[in-house]
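**Student:** Got a predicted structure plus its sequence, pasted below:
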Amino acid sequence: MENVLDVQNLSIEFPTETGVVRAVKNVSFQIKKGESLGIVGESGSGKSTVAFGLFNSVPDPGRISSGSVRFLDGRNFLKVNTEERRRFYWEHISMVFQASQNTLNPLLRIRRQVDDIAEAHQFNKKKLRQKAQSLFEMMYLDTDRVMNAYPHELSGGMKQRVSIGLALLLDPEIVVLDEPTTALDVISQGSVLKILNGIRKELNISLLFITHDISVISEVVDSVMVMYAGQVIERGPVNQVMSSPTHPYTLGLIRSIPPLVGDVKNTKGISGSAVQLDLLPKGCPFYSRCDMRMTKCSEIPPPWVTLDNNVSVACHLAKNEGGDKNDRTQEHFKTI
Ligand SMILES: Nc1ncnc2c1ncn2[C@@H]1O[C@H](COP(=O)(O)OP(=O)(O)OP(=O)(O)O)[C@@H](O)[C@H]1O
């Protein structure tokens, strides 16, 4: 199956007063038609910066220092001109933001916002309104009410569903969702996840789902990429990564999921806080917080190792794995 998106060695940096911060380092991934990939990591791990990189819209003073972002036709999106990029956006790739409800224009009824998209991309307004209505129906929205509403007349969950509907309006091959459920209550979160699964099946669309919350990821993605300090440290099929994480950081993220019942003391978390990007050790970026670290981890960058279960991991421990680590994960799962 062909790749809808092919990102190679994407690196993004921010010049600061104290030096250059490398927020994203050599990130590569591919997404196939209908496939859904998750990017997970703590705040500051570089997830949103990757998303900005895909759109070649890294906020100032950031810059893409290397890499390529290719879509279906093989063109490097980082090299196309602004007009081409504007057209590409919505028609081939679109984005839903964490607080995308706030990206709706507060002064315009939803139907006018649909018309604006039609106008900007030279689509037939009537047809696009009909399309919006059918998408809003898929989102379990009262379409007449929503089309005639101003954003402030809708709840946060409804606005998020409208934003997802708008992102799908021009049939893009891929939708990037940056923390699409983070600002929502648990019920709305659940319904957005259910909707995302529905549209994946019905529209066979590819999704890139970015979140800090590893507990929601398995519901929507086929495979997952774990980021720490701007680097990918583990990737693989989501079920494998969730049931037997190999990198101690991934294990820590999973063990941070609070239990549904029982004592929250079972939630172990990860010690320390996200590392300063300009103070990374020569070796593994997670060295200072890792409770399984070895001497060589601070000095030697861990090699990528691909395991039997199709998981790849950048960790010196990957060769030394045994039952012990996985047993501890299973133990944690029994408590949540
Ligand atoms: N405008 C900026 N100036 C300097 N550094 C920046 C800027 N924006 C981002 N960074 C750096 O990039 C790193 C990654 O930020 P990014 O927002 O991509 O992380 P994230 O994983 O998406 O976190 P969050 O979920 O909190 O947005 C930050 O830790 C910071 O060091």
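**Tutor:** Alright, I've got the coordinates. Residues are numbered from 1 along each chain as shown.

**Student:** how about the host helix or strand of residue 5: buried residues?
**Tutor:** Using DSSP states H and E, the element containing residue 5 is strand 3-16. Going by neighbour count (16 or more other Cβ atoms under 10 Å), the buried part of strand 3-16 is 3-7, 10-14. (Glycine included, C-beta is placed from N, CA and C.)

**Student:** Of these, which are in range of the ligand?
**Tutor:** residue 14 (Cβ under 6 Å from any ligand atom).

**Student:** Could you give the number of residues near residue 282?
**Tutor:** Residue 282 has 9 neighbours, counted by other Cβ atoms under 10 Å.

**Student:** other SSEs contacting the helix or strand that the strand holding residue 5 is followed by?
**Tutor:** Downstream of strand 3-16, the next assigned helix or strand under DSSP H and E is strand 19-32. Judged by 3 or more Cβ pairs under 8 Å, 6 or more residues apart in numbering; DSSP states H and E, strand 19-32 is in contact with strand 3-16, helix 47-54, strand 63-71, strand 206-211, strand 231-237.

**Student:** Need those in JSON lines (columns: mean pLDDT and distance to residue 121).
**Tutor:** Shown next, in JSON lines, are the helices and strands packed on strand 19-32 (pLDDT from 0 to 100; distance: least, Cβ to Cβ, whole Å):
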{"stretch": "strand 3-16", "mean pLDDT": "94", "distance to residue 121": "19"}
{"stretch": "helix 47-54", "mean pLDDT": "93", "distance to residue 121": "19"}
{"stretch": "strand 63-71", "mean pLDDT": "94", "distance to residue 121": "17"}
{"stretch": "strand 206-211", "mean pLDDT": "94", "distance to residue 121": "20"}
{"stretch": "strand 231-237", "mean pLDDT": "96", "distance to residue 121": "34"}
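
**Student:** Now tabulate those in CSV and tack on distance to residue 23.
**Tutor:** Listed next are these as CSV, based on distance: least, Cβ to Cβ, whole Å:
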stretch, distance to residue 23
strand 3-16, 5
helix 47-54, 5
strand 63-71, 10
strand 206-211, 14
strand 231-237, 10
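
**Student:** which one of the buried residues of strand 3-16 is nearest the ligand?
**Tutor:** In terms of Cβ to the nearest ligand atom, no member of the buried residues of strand 3-16 lies closer to the ligand than residue 14, at 3.5 Å.
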